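>>> turn this into a model:
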Amino acid sequence: MTLTAIVAALHDELASVLALMPDEHKQVVGGRECWVGHLHGQDVVAVLSGIGKVAAATTATLLIERFDVKRIVFTGVAGGLGQGVRVGDVVLARSFLQHDMDASPLFPRHEVPGYGRSRFEADAGLTDALELACDRMLHTLPQRLGAETVAAFGLQTPRLHQGLLVSGDRFVATTAESEALQRELPEALAVEMEGAAFAQVCHDFDVPLAVVRTISDRADDAAHVDFPRFLREVASRYSGAVIEALFQP
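The predicted structure follows:
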């Protein structure tokens, strides 16, 4: 049995995925809500990780040790950093870094002590499959969202970006913070709070990981959209559509 974990930090990010599972049953393990069932005939467990790197690492370890998952797919929202990364775009992680990791002067800034590296890679094969799913999702997106939602959030033709995703235990929502990250990590496409922790645990256990994020804002002073509505009407639909595309035969 190849069990796949589908993970999100917030319930609204996972709701449309749960709607695709016809026979899920909920378990609560380590305070995490987990739904075990099937998606297009494949064995899956959908789980809410909670927010932040500690919650993410705990969830990743639980999934690997308790459920014996063979691959993990994380979906949700992020703040855009890279040039041209706009609200409504999708970022597919190829590598991860903790932007708030700093054990200097003992280790270089961003390097994870004991690993001799600052970056961890996404699984190439699983991420390639998720790339194809993203392409399929983006081609069918306009009819999924509707004109009112597109207009409400000023969404333009959504694009897929691939590269570095950075994580930290800080919600980045000011122009000063965003610009500081852009100067320090010019390759970073987006910022969120869980991906790099999942990547480190998956590296330790040799479990394939892929992460896709919908851009909800630009992580700056203008990042004050109707976030609950964006989650329900945009991000949740993105997540459901891309996961369905990933699992369809």
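
>>> contacts and neighbour counts: CA atoms only from here.
Fine.

>>> in this protein, where is pLDDT below threshold?
Low-confidence segments of the chain (pLDDT under 70): 1, 142-143, 151-152, 223-225.

>>> where do the helices of this structure begin and end?
11-18, 53-65, 124-139, 141-145, 147-152, 175-184, 195-205, 227-230, 236-247 (DSSP state H).

>>> buried ones in the last one?
Within helix 236-247, the residues that qualify as buried are 236-246, counting by 16 or more other CA atoms under 10 Å.

>>> among the residues you listed, which two are most distant?
236 and 246 (15.4 Å; CA to CA).

>>> can I get the helices of the chain in CSV with distance to residue 75?
Below are the helices of the chain laid out as CSV (distance: least, CA to CA, whole Å):
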stretch, distance to residue 75
helix 11-18, 7
helix 53-65, 12
helix 124-139, 11
helix 141-145, 16
helix 147-152, 20
helix 175-184, 22
helix 195-205, 9
helix 227-230, 15
helix 236-247, 6
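
>>> so which of these gets nearest residue 158?
helix 124-139 (6.9 Å).

>>> list of residues touching the closest one?
Under the criterion CA atoms under 8 Å, 6 or more residues apart in numbering, residues 90, 92-94, 158-160, 208-212, 238, 241-243, 245-246 lie in contact with helix 124-139.

>>> same check on stretch 214-224?
Against stretch 214-224 from outside (CA under 8 Å, 6+ apart): 75-81, 85-91, 172-178, 190-191, 225, 227, 230, 235, 238.

>>> got a ChimeraX select line for the buried ones in these?
Written as a ChimeraX command, the selection of buried residues from the contacts of stretch 214-224, which uses 16+ other CA under 10 Å, is:
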select :75,76,77,78,79,80,81,85,86,87,88,89,90,91,172,173,178,190,191,230,235,238
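
>>> need the contact list for the residue nearest the centre of the chain.
Residue closest to the average C-alpha location in the chain (CA atoms, centre = their mean): residue 75, at 3.7 Å. Counting by CA under 8 Å, 6+ apart, residue 75 touches 6-8, 13-14, 211-214, 239.

>>> so of those residues, which ones are in strands?
Among these, DSSP state E puts 6-8, 211-214 in strands.

>>> let me have the residues you listed in a markdown table, adding distance to residue 40 as columns.
Shown next, in a markdown table, are those (distance: CA to CA, whole Å):
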| residue | distance to residue 40 |
| --- | --- |
| 6 | 14 |
| 7 | 17 |
| 8 | 19 |
| 211 | 20 |
| 212 | 20 |
| 213 | 22 |
| 214 | 23 |
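
>>> gap between the two ends of stretch 102-109?
End-to-end distance of stretch 102-109 (CA to CA, to the nearest Å): 5 Å.

>>> which residues touch it?
Taking contacts as CA under 8 Å, 6+ apart, the residues outside stretch 102-109 that touch it are 101, 110-113.

>>> what's the answer for stretch 166-186, then?
With CA under 8 Å, 6+ apart, stretch 166-186 has contacts from 52-53, 79, 81-82, 96-101, 188-197, 218-223.

>>> need the buried ones from the ones in strands among the contacts of residue 75 selected in ChimeraX.
This is the ChimeraX syntax for the buried subset of those, where burial follows 16+ other CA under 10 Å:
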select :6,7,8,211,212,213,214
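
>>> and which of the ones in strands among the contacts of residue 75 is nearest residue 19?
Nearest to residue 19 among the ones in strands among the contacts of residue 75: residue 6, at 12.9 Å, using CA to CA.

>>> any idea how far residue 37 is from the closest one?
11 Å.

>>> run a quick neighbour tally on the residue nearest to residue 117 when sequence neighbours are not counted.
Excluding the flanking residues, the one nearest residue 117 by CA to CA, 6 or more residues apart in numbering is residue 111, at 5.1 Å. Neighbour count for residue 111, taken as other CA atoms under 10 Å: 20.
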